[in-house]
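Student: everything below, folded, please.
(one chain, ligands or ions: 1)
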Amino acid sequence: MSLFWIIGLVITLLVIRISHWWYLWINGFPIIGETFQFFKPYGFYEISPFLNKKMLRYGPLFRTSILGVKTVVSTDMDVNMEILRQENKSFILSYPDGLAKPLGKDSLFFKTGNIHKHIKQLTLHLLGSENLKRKIIKDMDRVTREHLSLKASEGRFDVKDAVSSLITAHMTPKVISNLKPETQSKLIKNFKAFSFDWFRTSYPLSAGRGLYNTLRACREGMQVLKDVHMRKKTSGEMYGDFLDTAIEVLEKEGGLVNEDAIITLIFTLSCIIQDTTSKATCMAVKFISENPKVLAELKREHETILASREDKDGGVTWEEYRKMTFTNMAINESLRLANMAPMMFRKAVKDVEIKGYTIPAGWIVMVIPSVGKELRSVSKTFMVFGAGVRQCAGAEFARLQISIFLHHLVTNYDFSLSQDCEVIRVPGAHFPNGISINISKCPK
Ligand code: HEM
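Tutor: Sure, this is the predicted structure:
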């Protein structure tokens, strides 16, 4: 073969190879699929370029491969509502390994049917309105006030870090009490190191590092909890904390779930409670700092509450919280903007026909909730806390904690956002440099 033909062959092979890589880059690599395109950061006020392009090309429902799973993506709000309504009938919860792994495939969060029902009831024992009102609000108020005062004395602080610390400070003893200070610190360090955001980066290396840190936090945190539980079991001591309640319920139910599962539940609840609520508080603080009219109306609402409070030294009461109408609207608006759960995963257990679309049995559906303006607590255009039987168990806790934080912030302090508070979407809101505020005590 002449040199001319050999060079021609090599060039042809190179062109084929490069075209193939280019095709994969545009349409997704096997396994990785379109994961990096989906999680590629974009501007806070933009629509996801990935979703935009797909929707223009294929309409509101289309197929892709994300996090190693062949997936139908639904951006249609009627289809989404129907999917979540048909939980345990035509669809079951089914998160890809990449998201489920940090919690463990056996985590009760991923259980269905009766076990899910039991665990939800148990979780609401801790986080439902009744317990918030009776056992949580008082300490939540005191600890929030104290932390704010301490942080404000520094003149500037990171909101996520402060809120996350104050939540672990008032909730950890309620979940698992009488810990030695060093055990409590170790546990809290692991709760805070856990992150659902490890994949929210377009850099494979930092995603790998994030996943490693999260898995390590899970392993170490759960080991601490197991040791504490074993010690309590041997000594027979009871403290009336959530761990005692959970074990009691478990014994009554006769082995529907085991002790390891309870430990996993306690660990995951403790991680989620501070991670989600602190992020949502950041968004609320950013939103009101950038909207002087909203801040003025918030101040008015909270000054009125203060003026009519009989016990001037007492904290926010449940009745006062229920009257915070404007605050609740401001929180809803910041949750809408934050879009903290930008996708939910379900699996079709049979062929399902919705609005003229057929979702074949066995397919995973990624529900992309709408971020519309209607602010009822659950509607097809406002699903920040999900919908149906899987609706968020911590929604009321998050609203209460944010309301109390805002109450003390707007009635006692002058504050402004520091300059480097960039927010991007990946696709949920993400703060690469955190959200910090400059803060000083209001002159009385
Ligand atoms: C503002 C903050 C929060 C947002 C936006 C949020 C959002 C959500 C969403 C969208 C779901 C449904 C997921 C699905 O259907 O696949 C959910 C479920 C859940 N959330 Fe939250 N959440 C927040 C705060 C919390 C807090 C503070 C807790 C307390 C630990 C919590 C605990 C749970 C639990 C246990 C579930 C599973 C419920 C079930 O499977 O029945 N969440 N959350």
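
Student: as CSV, could you dump the C-alpha coordinates of the helix or strand harbouring Lys70?
Tutor: Taking DSSP states H and E as the criterion, Lys70 maps to strand 69-74. Listed next in CSV are the C-alpha coordinates belonging to strand 69-74 (Å, rounded to 0.1, in the frame of the first residue of the first chain):
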residue,chain,number,x,y,z
VAL,A,69,-30.1,5.5,34.4
LYS,A,70,-32.2,5.6,31.2
THR,A,71,-34.8,8.1,32.2
VAL,A,72,-38.0,9.8,30.9
VAL,A,73,-37.9,13.5,31.9
SER,A,74,-41.3,15.1,32.6
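
Student: and the next helix or strand past it?
Tutor: As assigned by DSSP H and E, the chain's next helix or strand after strand 69-74 is helix 77-85.

Student: tell me if that following helix is near the ligand.
Tutor: No. Interface with the ligand: helix 77-85 contributes nothing (CB under 6 Å from any ligand atom), its closest point being 6.6 Å away. In short, each C-beta sits where N, CA and C put it, glycine included.

Student: centre of the chain to the helix or strand that Lys293 is a member of, how far?
Tutor: Here Lys293 sits within helix 292-307, counting by DSSP H and E. In terms of CA atoms, centre = their mean, to the nearest Å, the centre of helix 292-307 is set 28 Å apart from its chain centre.

Student: other residues contacting that helix?
Tutor: Outside helix 292-307, the residues that touch it by CB atoms under 8 Å, 6 or more residues apart in numbering are 287-289, 316, 320, 323-327, 330, 406-407, 410-411.

Student: can you rerun that using 10 Å?
Tutor: With CB atoms under 10 Å, 6 or more residues apart in numbering as the test, helix 292-307 has contacts from 284, 287-289, 291, 312, 316-317, 319-321, 323-330, 333-334, 403, 406-412, 415, 442.

Student: so of the residues you listed, which ones are in helices?
Tutor: Among the contacts of helix 292-307, the residues falling in helices (DSSP state H) are 284, 287-289, 319-321, 325-330, 333-334, 403, 406-412.

Student: list the buried residues of stretch 58-65.
Tutor: For stretch 58-65, the neighbour count (16 or more other CB atoms under 10 Å) marks Pro60, Leu61, Thr64, Ser65 as buried.

Student: kindly report the same for stretch 286-303.
Tutor: Lys286, Phe287, Ile288, Ser289, Val294, Leu295, Glu297, Leu298, Lys299, Glu301, His302.

Student: pull out the buried members of the contacts of helix 292-307.
Tutor: Buried among the contacts of helix 292-307 (16+ other CB under 10 Å): 284, 287-289, 316-317, 320-321, 324, 327-328, 330, 333-334, 403, 406-410, 412, 415.

Student: report the distance from stretch 277-294 to the chain centre.
Tutor: Distance, stretch centre to chain centre, for stretch 277-294: 17 Å (CA atoms, centre = their mean).

Student: just use 36 as the starting number from now, easier for me
Tutor: With the count now opening at 36, the last piece we talked about shows up as stretch 312-329.

Student: what pLDDT, on average, does it get?
Tutor: Per-residue pLDDT values across stretch 312-329 average out to 96.
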